[in-house]
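1. sequence first, predicted model second:
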Amino acid sequence: EEYYYAGIYDDDLLFEAVNPMYLSWGGGDHENEWSQHADWAKRERWLSYQQIISRHARYLDKKDIEIIDLDVEPIGGYSSGVEFWDKTKPHTQKLMYTYSTDEGFQERFSGVDIRTKEGRQQLFKMYDVAFSRFADKYGNSYSDYGIRESHIQWRDLRKMWLLTQIDSETGDERQFWLPEHYEPTEDDYDIKEVWITQIWEGWKLGTVDSVYSNIRPVPNQYRSILSPKKVQLSYFGKKYNTHDNTTKNSSLMDSAKSAQKNFDIVLAAFRQLMSTNIGPVFTMFLNMRPEGWSYQQWIDLMRNAGILMLDPTRQMSGVDPQFLREINLSKLSEGAYLLQMLEFYKNQVALSMYFNANREGEISEYANSVNTQQNIKATYNKTALFMEQHRLIVQEALTGLLNVGRYYYRLHPEEASIFLDDVSMAELQTSTLSAYDWLGIILQNSLGELEKLNQFKGQVLTFMQNGSSMDTIMEIIFSDTISETEDIVRRETKRMQEMEAAKMKQMQDIEQMKAQNLKQINDDNIKLELEKHYSMLESQERRVLLDREKFAMAQDLDKNQINDLLQKTFMELYTKLVVHKDEMDLEREKLGVMQKIESDKINTENEKVKKMSTKQK
């Protein structure tokens with residue numbers, strides 16, 4: 001069996017491993033193996049008076065404390081053969097109540113004030129006196145006595161209303177759970193009275209005339225305000241190997257009891273054999289004992305000195321020498337056989353508990369590492385189901401702790417701010433108080449997750465080859481869950497992407513700088529070539545001007561800035577032009593004269609015609 005407690009008491013968040021001896025639970029589904037799904041659970045233990053007052057002072061009045069003063073009793077439990085719930089057992093006797101009727105006891109310890117140092121010392125003396133009278137039966141140690149504290153959780157019923165409303169925009173039905181004090185109205189579309197499960201808890205102090213402390217509903221027991229179902233007790237765990245409560249559970253040690261019994265039998269036989277082993281014996285006759293020696297002296301000399309003294313001269317001591325010889329009465333051969341049997345049953349004990357010599361560390365010098373690892377792995381495969389149950393129990397307990405912690409740190413934000421960042425704090429304070437599994441957040445601690453984690457850790461060399469930092473590699477090696485490694489990988493991937501982006505940007509900047517430098521060089525080269533070309537052109541132009549000036553000076557004798565040949569040509573052309581113009585003027589005059597002559601002829605003919613026509617008339 002394995003159990004854990006996750007809850008809130010005295011304004012403090014508690015997570016404890018619970019000894020199965022002190023926890024009992026039951027009720028509910030007959031196939032249920034989990035304590036958190038039971039109808040009730042009870043954890044019992046014995047605490048000192050000071051611890052009881054410290055734990056329950058807020059919920060006790062003066063009358064309750066006076067009752068608790070008398071509730072000291074012998075501690076029960078399986079260790080002393082006393083079961084907690086059996087009221088006929090001696091642990092139900094109230095020692096302090098018994099001694100409170102003793103006048104001498106009252107007179108000696110009257111007026112004890114535990115609020116003072118002297119009063120507390122008197123209280124310890126009072127307990128010592130009471131315990132000393134029961135020392136033979138229950139023990140005289142202060143730790144053998146205490147006040148019984150029983151923490152009990154149970155399922156009860158609570159009235160609630162299931163309200164159905166119609167969404168005015170979409171027309172869909174919406175349901176709400178409302179407390180029992182809600183008053184139905186005419187506007188409610190449909191409302192139904194429903195009795196749901198509610199878990200209560202309380203603490204019972206003492207066995208007889210008990211005091212009840214802090215009876216209340218368990219805080220934050222519902223998974224969501226939208227669903228009051230699947231409420232759980234605060235004790236998480238189960239019994240191993242019950243197969244849905246079809247068989248009585250057993251431990252690994254139970255499976256080895258048969259082989260252990262045989263081992264004990266053979267071991268007892270071996271011890272008996274060794275205690276009766278005689279060894280080699282020398283046969284002799286009593287009348288050969290030296291005269292005057294006692295049998296004890298004779299035997300002691302033979303045993304301690306290894307010398308056997310004989311007196312062959314004694315009367316009637318004639319002996320046939322063949323009878324003076326050694327006889328072996330040793331049982332070592334049988335002992336060797338028993339040792340083999342012990343080794344066999346020892347291995348059977350280990351195998352019954354799914355262990356072997358390799359897993360226990362006894363590795364043969366002739367065994368290679370591969371076979372050793374395979375043998376160890378085979379035993380781990382056999383115990384994997386047990387470890388898987390352990391992981392499931394821890395997973396359920398931690399899930400319960402997360403849900404309770406969500407509620408607790410919602411009430412104590414100053415504590416949560418120590419380890420939560422701003423975003424997580426905002427989510428904690430603004431979101432609804434729903435269980436993490438209701439929100440789709442689950443805690444995994446299964447064997448499969450562990451195998452994934454180990455497989456992932458096996459890729460550390462790959463991370464090293466791909467440039468991961470040593471800090472990241474160390475975090476992966478020492479991580480406990482696959483989700484933790486996923487967070488580390490995501491962070492490392494993001495870091496490497498940022499590094500790659502920065503590297504690409506740096507390369508781009510370098511390439512851009514190279515391009516700019518190359519362009520600048522090309523521009524400088526082009527500029528230089530242009531300057532050279534311009535210089536060459538200017539030089540050529542100057543040479544041309546110089547040549548032209550030389551040529552002009554050679555062809556312009558009158559220095560009128562006009563080439564003499566050109567000037568001559570111009571003059572010739574001009575002369576020809578003038579002559580041509582004169583010729584044209586002359587021709588033009590000739591044409592004018594001829595036109596006038598022709599016109600005169602025409603006029604003359606016209607006059608002749610007119611005269612002739614006149615004559616005819």
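-> That came through, no problem. Residues are numbered from 1 along each chain as shown.
2. phi first, then psi, for residue 184.
-> Taking degrees, to the nearest 10, you get phi -60, psi 150 for the backbone angles of residue 184.
3. neighbours around it, how many?
-> Close neighbours of residue 184, defined as other C-beta atoms under 10 Å, add up to 12. No exception for glycine: its C-beta is placed from N, CA and C like everyone else's.
4. off-centre distance for the helix or strand hosting residue 56?
-> Assessed by DSSP states H and E, residue 56 sits inside helix 49-56. With C-alpha atoms, centre = their mean, to the nearest Å as the basis, helix 49-56 stands 36 Å off its chain's centre.
5. for that helix, which outside residues touch it?
-> For helix 49-56, the external contacting residues (C-beta atoms under 8 Å, 6 or more residues apart in numbering) are 9-10, 47, 60, 65, 68-69, 72, 123, 147, 149, 203, 205, 213-214.
6. what about residue 261, distance to residue 334?
-> For residue 261, the distance to residue 334 equals 21 Å [C-beta to C-beta, to the nearest Å].
7. got the confidence number for the spatially closest residue to residue 129 that is not a sequence neighbour?
-> Setting aside the residues directly before and after it, residue 129 is nearest to residue 105 in space (C-beta to C-beta, 6 or more residues apart in numbering), at 7.1 Å. The predicted local confidence for residue 105 comes out at a pLDDT of 72.
8. does residue 105 touch residue 125 like I think?
-> No - using C-beta atoms under 8 Å, residue 105 and residue 125 do not qualify as a contacting pair, with a distance of 11.2 Å.
9. more neighbours: which of those two?
-> For residue 105 against residue 125, the residue with the higher neighbour count under other C-beta under 10 Å is residue 105, and the figures read 17 against 13.
10. assign that one to helix, strand or coil.
-> Residue 105 falls in the helix class when you classify it by DSSP: H, G, I helix; E, B strand; the rest coil.
11. what about residue 409, neighbour count?
-> By other C-beta under 10 Å, the residues close to residue 409 number 21.
12. once you drop chain neighbours, what's closest to it?
-> Setting aside the residues directly before and after it, residue 409 is nearest to residue 416 in space (C-beta to C-beta, 6+ apart), at 3.8 Å.
13. now do the contacts for the one you found.
-> 409, 425, 428.
14. quick check, pLDDT for the first one.
-> According to the model's per-residue confidence, residue 409 sits at a pLDDT of 91.
15. again with the last one
-> pLDDT, residue 428: 84.
16. again, but for residue 214
-> For residue 214, the predicted pLDDT is 91.
17. surely it and residue 205 touch.
-> No - with contact taken as C-beta under 8 Å, residue 214 and residue 205 are classed as non-touching, separated by 10.4 Å.
18. so between these two, which is more surrounded?
-> Each of residue 214 and residue 205 has its neighbours counted (other C-beta under 10 Å); residue 205 has more, 23 against 15.
19. for the nearest residue to that one once chain neighbours are set aside, give me the pLDDT.
-> Nearest-residue entry for residue 205: residue 211, 4.5 Å, with adjacent residues in sequence omitted and distances by C-beta to C-beta, 6+ apart. As predicted, residue 211 sits at a pLDDT of 91.
20. mind naming the longest strand for the protein?
-> The single longest strand within the chain, with elements called by DSSP state E, is strand 145-166.
21. hey, C-alpha coordinates of it in PDB?
-> As requested, the backbone C-alpha atoms of strand 145-166 are provided in PDB (Å, rounded to 0.1, in the frame of the first residue of the first chain):
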ATOM      1  CA  TYR A 145       2.000   7.600  25.300                       C
ATOM      2  CA  GLY A 146       0.100  10.300  23.500                       C
ATOM      3  CA  ILE A 147      -3.300  11.800  22.600                       C
ATOM      4  CA  ARG A 148      -5.100  10.000  19.800                       C
ATOM      5  CA  GLU A 149      -5.800  12.300  16.700                       C
ATOM      6  CA  SER A 150      -8.200  10.900  14.100                       C
ATOM      7  CA  HIS A 151      -8.600  12.800  10.800                       C
ATOM      8  CA  ILE A 152     -11.700  11.600   9.100                       C
ATOM      9  CA  GLN A 153     -13.100  12.500   5.600                       C
ATOM     10  CA  TRP A 154     -16.400  11.300   4.400                       C
ATOM     11  CA  ARG A 155     -18.900  11.900   1.500                       C
ATOM     12  CA  ASP A 156     -22.100  13.600   2.200                       C
ATOM     13  CA  LEU A 157     -24.900  15.100   0.100                       C
ATOM     14  CA  ARG A 158     -25.500  18.700  -0.700                       C
ATOM     15  CA  LYS A 159     -28.500  20.400  -2.300                       C
ATOM     16  CA  MET A 160     -28.000  22.500  -5.400                       C
ATOM     17  CA  TRP A 161     -30.100  23.900  -8.300                       C
ATOM     18  CA  LEU A 162     -29.400  23.100 -11.900                       C
ATOM     19  CA  LEU A 163     -30.600  26.100 -13.800                       C
ATOM     20  CA  THR A 164     -31.300  26.100 -17.600                       C
ATOM     21  CA  GLN A 165     -31.400  29.400 -19.500                       C
ATOM     22  CA  ILE A 166     -31.800  30.300 -23.200                       C
END
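22. what packs against that strand?
-> In this structure, strand 145-166 makes packing contacts with strand 40-47, helix 49-56, strand 72-74, strand 173-179, strand 190-205, judged by 3 or more C-beta pairs under 8 Å, 6 or more residues apart in numbering; DSSP states H and E.
23. report the buried residues of that strand.
-> Of the residues in strand 145-166, those with enough neighbours to count as buried (16 or more other C-beta atoms under 10 Å) are 145-155, 158, 160-161, 163.
24. got the angle for it vs strand 40-47?
-> 150 degrees (axes from the mean of the first three to the mean of the last three C-alpha atoms, to 10 degrees).
25. report the contact partners of residue 519.
-> Under the criterion of C-beta under 8 Å, 6+ apart, residue 519 has no contact partners.
26. am I right that residue 419 sits in a helix?
-> No - remark: residue 419 does not belong to a helix; assigned using three-state DSSP, it is coil.
27. which pLDDT value goes with it?
-> Reading off the per-residue confidence, residue 419 sits at a pLDDT of 87.
28. now it: how far from residue 528?
-> Distance, residue 419 to residue 528, by C-beta to C-beta: 68 Å.
29. what's the answer for residue 494, then?
-> Using C-beta to C-beta, we find residue 494 at a distance of 50 Å from residue 528.
30. what packs against the helix or strand containing residue 269?
-> With secondary structure defined by DSSP H and E, residue 269 is part of helix 257-275. When contacts are defined as 3+ C-beta pairs under 8 Å, 6+ apart, helix 257-275 sits against helix 332-352.
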